[in-house]
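Asker: Return a 3D structure for these sequence lines:
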Amino acid sequence: MSLTPLLSARLAVQLHVATVVPAFFIGTWLIFFSTKGARRHRAIGAVYLVLMTVSALSTFFIRGLIPAVDRFHGFGPIHLLSLLTLAGVGGALYGARTHNVPMHKRSMLMVYIGGIWIAGAFTLVPGRIMHAVFFGH
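Answerer: As a prediction, this is how the structure comes out:
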């Protein structure tokens, strides 16, 4: 493992990783360990949603890393997960504010699974920066 590919990457990539890594840990705690509805859950949930929003928005500045895949003006299929994440953040906020617990839960799971786990799996594809970090070039 070497952080060199990440440290030499563009600022948007570094920002993305700097927001998604803590979001992974916070999201895991929120979903599996926190007391739902408690003041701490709400406060840390707000931090989580800010991190996920910044993380998703930063991906729109990360384009064309794999020309064979990123064919639409540098955007690729993984950017659809960013749109899904932003929609999930909106749904989570709306569900929380309107006390629609099923909507809030569904949206938070969508953000966590789609925005972190599925998108994260795609970052480990050969040719991507995180693949180089974990497995070398």
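
Asker: Going by C-alpha atoms from here, please, whenever you check contacts or count neighbours.
Answerer: Fine.

Asker: From residue 17, how far out is the residue lying closest to residue 116 once chain neighbours are set aside?
Answerer: With sequence-adjacent residues excluded and distances taken as Cα to Cα, 6 or more residues apart in numbering, residue 116 is closest to residue 24, at 6.6 Å. Applying Cα to Cα, to the nearest Å, the value for residue 24 to residue 17 is 10 Å.

Asker: neighbouring contacts of the helix-or-strand element of the chain with minimal mean pLDDT?
Answerer: Every helix and strand of the chain was ranked by mean pLDDT, DSSP states H and E. The lowest is helix 119-122, at a mean of 90. With Cα atoms under 8 Å, 6 or more residues apart in numbering as the test, helix 119-122 has contacts from 78, 81.

Asker: And whatever helix or strand comes next after it, what's buried?
Answerer: Where DSSP states H and E defines the elements, the next helix or strand beyond helix 119-122 is helix 129-135. Buried residues in helix 129-135, counted by 16 or more other Cα atoms under 10 Å: 129, 130, 131, 132, 133.
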